[in-house]
Each structure stands twice: as C-alpha cells, then as structure tokens.
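[1] Sharing a model prediction with you, sequence too.
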Amino acid sequence: MNEISVTLPDGSSRRVPVGSTPADVAAAISPRLARAALAGVVDGKVVDLNQPLAKDAAVRVLTPDSPEALAVYRHSTAHLLAAAVINLFPGTQCGIGPAIDEGFFYDFVVARPFVPEDLEAIEKKMKELASQDLVYERQMWPRQEAIDFFTKRGEPLKVQLIQEKTEGQAEVSVYTIKDRDTFVDFCVGPHVPSTGRLKGFKLLSTSNAYWKGDAKNQPMQRVYGTAFFSDKDLQTYLQRIEEAKKRDHRRVGRELGLFTFHHWAPGAAFWLAKGTTLYNTLANYMREVLFPAGYVELKTPLVYNKALWETSGHWQHYRENMFIVESRDGEPMAMKAMNCPGHMLVFGSEVRSYRDLPLRFHEQTPLHRNEASGVLAGLTRVRQFSQDDAHCFVTQEQIGEEVERLIRLVQRVYADFSLPFVAKLSTRPDEFLGEVATWDDAETHLKAALDATGTRYELNEKDGAFYGPKIDFDIMDALGRRWQCATIQLDYQMPERFDLKYVGADNAEHQPVVIHRAIFGSFERFIAILIEHYAGAFPLWLAPVQAILLPIADRHAEYAASVRDRLVAAGLRVELDARQEKIGYKIREAQLQKIPYMLVAGDREAAEGTVSVRSRSGGDLGARSIDDFVRHALSEIAAKGERDTGLAAAS
C-alpha cells in the first residue's frame, strides 16, 4: 500500500495511506477530535474535511476553536441561505455569498424585493435543511459542462463567474447540498461536512446591491445574516446589534441636533450649531496636539488642473472617484480628493535642505470623492469630508525615529478618547514599485518602531500599498467593534513622480521619503464612531454643551444668566434654559440631551452665590460655589481620557 507522511501541529508525524483525508487524520488522533472537526488545513490551505491527500503534507484539523473555522462556518451558512431561497423562490438567480467580519451575505436576482416575512420564511427553511443534516459535496465538473449546466438553468451570472475565474482550467469546482435539485453552486469552498453542523444563525436584513458592486450592472437583493458556533454567542451578538441600533449615529445625531442631510446635497452633512462645536473642538484638539510636535498647518487649493492628477497618478487610476469640473477656458479640472499631491507642490516650491527635515505638513481642508449613491451611509461614507491629514518629509535614515514619534502620537490621541486599538503591519505585496532592498529596510524600521513603543501588532503579509509598507490602527468601541482609523504609510513613489529633492550634507541632491499619516481619518467618520462609542454622552471636554443653567422660577433667571456668563468667561460651553417650565421637566430635557452637568438655581443658590449641581451620570452632587464648579470642570476637561475625574469623583 502506498503511504504518505503527515506532519501534525505538534511536530510529530505519522504514515497514512495515499488518499486519506483530514477526517481520517482526526479519527486516528481521537474520537473527540473527529466529532469536533469541521475542515482541514493542508500545507497552510483550508480544505474540506474529506479532501484526499496525495502527497506528504503538514495537516491541521479545524475545530470551532480554530481561528479560521468561523469563516468556513459562515460561508457554509451563506450556501444554506441560498439553498433555502432557491427552494422557496424558484427562478431566483444566485450571485455570490461570502463570509464577512460580522457574518455573511448572499446576493440574488429576484422578481421582487424581499420583505420581512420573506426573511422569516427563508430562515425557517434554513433550519429545516439544517435539521436534515444534508451533506456538502464538492464535485469537479468539466468546465464546459458547468457552463452548459448553469446556462440551461438560467443563471448567466454563474456562467460569467466560471468564464472569468476558470479560464484555462479543464475542470471547475461546484458544491451541492444533498443533490443538484436541492442546491448546486460554483464555488471553490471549503465548507463544513454537512448542514447539521450549522446551529446558531440568524438573518438580519436586506439591502439593494449591484452585480460586482457596479451600479451599471444587474440590480440585486442582498440578504445579510450572521452565524456563531453556539446559541449563546449568537444571542450576545444580537443583543449587541440591538444596542448598536440605539447608538446609531444617524439617530443620535438627529436627536442631539448635531447634523442633518438633504437630498440636494447627497453625501454631505449639514453641521448644525452643536455639531459644528463638536467638529471644531476635535479640529482644535488635533492642532493643539500637533503644533508642539513640530507640525505646520497648510491650506491648499480645492480645485486643481488635471496635470496635477496626471503627475500624481490619480487621473489614470482614481478619476472615476473624483468630481471633474471644467474651467471657463475649457481646461479639465478636478476637486481635491486627497491632500498629498498639493503637499508635494508645497515641498517643491522652494529649495530644501537636510536641515529642514523632518518637515511635517498638516491640513484640514475639505475633500470630495465621488462615491456611488448606493454606498453613502450617514457620516461613515460621504462625498464631502475633512481629514486630520499630514505628510512628513524625511530622509531614509529618519524613517525609524519619525515612525516611532507617530506611533506615540497615535497612542496619546486614542488614550484621550479611552479607545483601545490594535496595530496592523502590512508588508511588501507581490506587485510593488521600487527595490526589494528599500522595502526590506523600510519594513525593518516599522517593526523596530512598533517594538520600541511597546505596540502589539498583527502582521498582514503582502498587504502593503504598491508604493510602500504601512501600519494601520483598528480602534475598538464600547461594543467591541473594530474600526480602521489611523494609518502610517511610507511612500517612495510620490516624491519621485514630483521630482522632489533636498540638498544633503554632502551638497548633493537626494529624494525624500514621504510618510502619509492620519489619526482620526475623516472627521465625519470619526465623529460617527465617537457618537456610537459614547452613545451620545460625550465626556465633558468633547460635549458641545458642557453645562446648562436651570432657573427654578422666573425670578431666578437673572441670577442664572449671571452664572452662565461667569462660566462662559472661564472657557466653558454653557447654555441657559429660561423657559417657563417646571424644573423637573427641564432636568429631564437636559438629561435627554446628554448634557454633562445641570446647574439648578433657586432662592437659596441666588442668596448664597452657589448652584445645585446635577451630574448626567452621578445624579445630585449638592451645592457648589461657582469657583469650585469651574475649578473641578476645568480639571476634568484637562484630564480628558483619564478615569475618576471631575465633580462626581470629588463628591
């Protein structure tokens, strides 16, 4: 009998017959592992549990505890969803159904949009199919047979996928659930062994979509769902979804009077008074952080001749995402989609010396990107936005030190918002510009900077931009969701495109390296994240209204107004509610507006020169002198992200 050698994760090896599968390997190790097995990993590639082994290989068995297992589980559930839809809605065309970070989706061409009752019926059918424990079977079909089958079946999208993705192949991979009549799909897998493994799943919503995400293509209905290995994990996730709905920045922003939208300006927010205060608070905070760190602020043009974008490469590769305008003399122009090309022009506008470097440019002017209307989503996906954008011009030798400074800057900023984060180092992709030695040197600098700052990070092999490696930062909000925000990207190509030079110590010309840097990312998206992170209850230093004066009766309004003026003069953002309403109603209104402090003024307070302080979170804090309140409020503002500060802690 022909045998092959299988190497296990612990380094041990064993001989097995040719044609053995990961399922056989699992059974040979232990019955418990065999029962838990979902798929295999052969020489680093995730495969079906029953994939035959043809040669010596390193084999690992995937169980629910394996990091790759949930994606396989969710992709399998997406196929279960498609099988249910096909059975309930004959004539439906299937698109694609991948696993995603929060679950899975599947796109369909249907006669009419799905309604909530449809989702209930589909989920019921999914559970029925799961209870039958139907086998996921991978079959290899001759390529032409697969094309003919899906053509006859009336699925041109599947035919298109096969033609695009399997050119030159003799066979293509398809999967059935039970048999071809129940469900068959063009897919490379892998999947769990059978539908009975799928326990905890839930359909969540539907949305409009387009084939391949292009609005020019076939309209489709996308069904979103999620899946977990245990019902407990599923219920925890669903509870988090409900909490997320309550925190949705579009809802909270409307209730707090921060911003609004209008269909005549799609993808552009109208910042109302309180929202503008919040926006400016963040903008000024970033200036206060950056100026002592050696940055200078620029304001560059909003519209450029296409020659700039041709030089930067955006005209060739990004034009469809830009707003194109025409000058009176007919020259094509484009609105600024990013700040970096303008900063290249500023650097090149005068002779630079090595003594000038690092040179750090910062800018917050508006940017415009022509996003498709179908992807616009509140503040998280807009057409008009501003960034806390910066470009640091450095020598090759300064990269390590500058990146270390940037990482410490990111750490400081996110600490002020009490936002934990995880860094991701993305290295040289397969297709890249420049020299391998330069890339290796740059990646070494980035790793050293991460280590020097004590920053834990994930390694994303081959995920760097084509022009240089990068570090991205994912922040975690109060619901445990990850949002990619900060980025530090090395760029050797843009300086070359703009022929940027500096005079070195040797009196020769050298090309600088540019580091693209953002911490918030776009202000709009970062504000959306903060709204949902804090559920609209901003810490004192960020709150658009930090305190509100609440006179008990009309006769107390004059005193309350004088207190308000004193607090404003001290630098606090304070309002006065002088309406002829009961004090309990005013307090409830202020609580709904999530104002950090409510200052009640009545006869005793007016006589004693005090206010009765109520905290949004701590309730009644008692009477305080005006000076005492100011002192504690300013201390709390200065502390920013630190815990246990302010009046409530002092009480």
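    Here it is on my side, so go on. Numbers count the residues shown, from 1 in each chain.

[2] Please tell me how far the closest residue to residue 482 other than its chain neighbours sits from residue 448.
    Nearest residue to residue 482, sequence neighbours excluded (Cβ to Cβ, 6 or more residues apart in numbering): residue 474, at 4.3 Å. The way it works is simple: take the backbone N, C-alpha and C, and place the C-beta from them, glycine included. Distance from residue 474 to residue 448, counting by Cβ to Cβ, to the nearest Å: 21 Å.

[3] May I have the phi/psi pair for residue 134?
    The phi/psi pair for residue 134 (degrees, to the nearest 10) reads phi -80, psi 140.

[4] That should have said residue 17, apologies.
    Per degrees, to the nearest 10, the backbone of residue 17 is at phi -70, psi 150.

[5] If it is in a bridge, with which residues?
    residue 3 (DSSP bridges).

[6] Any idea which residue is closest to the centre of this structure?
    residue 483 (3.5 Å; Cα atoms, centre = their mean).

[7] Would you indicate which residues of the helix or strand hosting that residue are buried?
    In the assignment (DSSP states H and E), residue 483 maps to strand 482-491. Residues of strand 482-491 classed as buried by neighbour count (16 or more other Cβ atoms under 10 Å): 483, 485-491.

[8] quick one: average pLDDT of that strand?
    Throughout strand 482-491, pLDDT has a mean value of 92.

[9] Just the CA atoms of that strand, as CSV, please.
    The C-alpha trace of strand 482-491 is given here as CSV (Å, rounded to 0.1, in the frame of the first residue of the first chain):
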residue,chain,number,x,y,z
ARG,A,482,-13.2,47.4,15.3
TRP,A,483,-12.9,50.5,13.1
GLN,A,484,-9.8,51.1,11.0
CYS,A,485,-8.8,54.7,11.6
ALA,A,486,-5.1,55.7,11.9
THR,A,487,-2.6,54.9,9.2
ILE,A,488,1.1,55.4,8.7
GLN,A,489,2.2,54.8,5.1
LEU,A,490,5.7,55.1,3.7
ASP,A,491,5.8,56.4,0.1
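
[10] In CSV, list the C-alpha atoms belonging to the next helix-or-strand element following it.
    Of the helices and strands lying after strand 482-491 in sequence (DSSP H and E), the nearest is helix 493-497. What follows is helix 493-497 as a C-alpha-only set of coordinates in CSV (Å, rounded to 0.1, in the frame of the first residue of the first chain):
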residue,chain,number,x,y,z
GLN,A,493,6.9,56.9,-5.4
MET,A,494,5.1,60.3,-4.9
PRO,A,495,8.4,62.2,-4.3
GLU,A,496,9.8,60.6,-7.4
ARG,A,497,6.7,61.5,-9.5
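
[11] Mind listing what's buried along helix 493-497?
    Within helix 493-497, the residues that count as buried by 16+ other Cβ under 10 Å are 493-495.

[12] which helices and strands sit right next to that helix?
    In terms of contacts (3 or more Cβ pairs under 8 Å, 6 or more residues apart in numbering; DSSP states H and E), helix 493-497 is packed against helix 306-312, helix 340-347, strand 513-522.

[13] winner for burial among those?
    For the helices and strands packed on helix 493-497, ranked by mean neighbour count under the definition mean count of other Cβ atoms under 10 Å, the leader is strand 513-522 at a mean of 23.

[14] Give me the residues contacting the next helix or strand after it.
    For strand 513-522, the succeeding helix or strand toward the C-terminus, using DSSP H and E, is helix 523-534. The contact list for helix 523-534 (Cβ atoms under 8 Å, 6 or more residues apart in numbering) reads 244, 247-249, 252-253, 258, 269, 275, 278-279, 282-283, 364, 378-382, 385-388, 417, 419, 475, 477-479, 483, 485, 520, 538, 542.

[15] ok, of these, which come out buried?
    The buried subset of those - by 16+ other Cβ under 10 Å - is 247, 249, 252-253, 258, 269, 275, 278-279, 282, 364, 378-382, 385-388, 417, 419, 475, 477, 483, 485, 520, 538, 542.

[16] List the ones among those that fall in strands.
    385-388, 475, 483, 485, 520 (DSSP state E).

[17] so which of those residues comes closest to residue 53?
    In terms of Cβ to Cβ, no member of these lies closer to residue 53 than residue 483, at 41.1 Å.

[18] Contacts only, for residue 99.
    For residue 99, the contacting residues are 70-75, 78, by Cβ under 8 Å, 6+ apart.

[19] Without its sequence neighbours, what residue ends up closest to it?
    Nearest residue to residue 99, sequence neighbours excluded (Cβ to Cβ, 6+ apart): residue 74, at 3.8 Å.

[20] Surely that neighbour forms part of a helix?
    Yes. If the criterion is DSSP: H, G, I helix; E, B strand; the rest coil, then residue 74 is within a helix.

[21] what's the spacing between residue 263 and residue 382?
    14 Å.

[22] If I follow the layout properly, the residue nearest to the centre of the chain ends up in contact with residue 472?
    No. Residue 483 is beyond contact range of residue 472, at 10.9 Å (criterion: Cβ atoms under 8 Å).

[23] Residue 124: what's it in contact with?
    Residue 124 touches nothing, counting by Cβ under 8 Å, 6+ apart.

[24] a helix runs through it, doesn't it?
    Yes. Counting by three-state DSSP, residue 124 is located in a helix.

[25] now the helices for the stretch 101-250 of the chain?
    Remark: helices assigned in the stretch 101-250 of the chain by DSSP state H, counting those that start in this stretch are 116-131, 143-153, 156-165, 231-247, 249-255.

[26] Quick one: closest of those helices to residue 588.
    helix 249-255 (13.9 Å).

[27] what's the closest one packed up against?
    helix 523-534.

[28] So the residue nearest to residue 482 is in contact with residue 485, correct?
    Yes. Contact criterion Cβ under 8 Å: residue 474 and residue 485 qualify, at 7.4 Å.

[29] between the two, what contacts are shared?
    residue 421.

[30] what's near enough to touch the residue lying closest to residue 364 once chain neighbours are set aside?
    Once flanking residues are discounted, residue 364 sits nearest to residue 386: 5.1 Å by Cβ to Cβ, 6+ apart. By Cβ under 8 Å, 6+ apart, the residues touching residue 386 are 283, 364-367, 522-524.

[31] ok, residue 439 - contacts?
    427-428, 432, 468-469.

[32] Only whichever of the residues you listed are buried, select them in PyMOL.
    Remark: buried members of those, expressed as a PyMOL selection using 16+ other Cβ under 10 Å:
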select buried, resi 427+428+432+468+469
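
[33] would you list the contacts of residue 439 in JSON lines and tack on distance to residue 63?
    Listed next are the contacts of residue 439 as JSON lines, based on distance: Cβ to Cβ, whole Å:
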{"residue": "427", "distance to residue 63": "30"}
{"residue": "428", "distance to residue 63": "33"}
{"residue": "432", "distance to residue 63": "37"}
{"residue": "468", "distance to residue 63": "39"}
{"residue": "469", "distance to residue 63": "34"}
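
[34] what about the protein, any weak spots by pLDDT?
    1, 641-651 (pLDDT under 70).

[35] 80 instead?
    1, 215, 374, 432-434, 465-467, 641-651 (pLDDT under 80).

[36] follow-up on the earlier one: between the buried residues of strand 482-491, which is closest to residue 319?
    residue 491 (20.0 Å).

[37] dump the residue contacts of the nearest residue to residue 268 once chain neighbours are set aside.
    The shortest distance from residue 268 to any non-neighbouring residue, by Cβ to Cβ, 6+ apart, is to residue 384 (4.0 Å). The contact partners of residue 384, by Cβ under 8 Å, 6+ apart, come to 267-269, 366-368.
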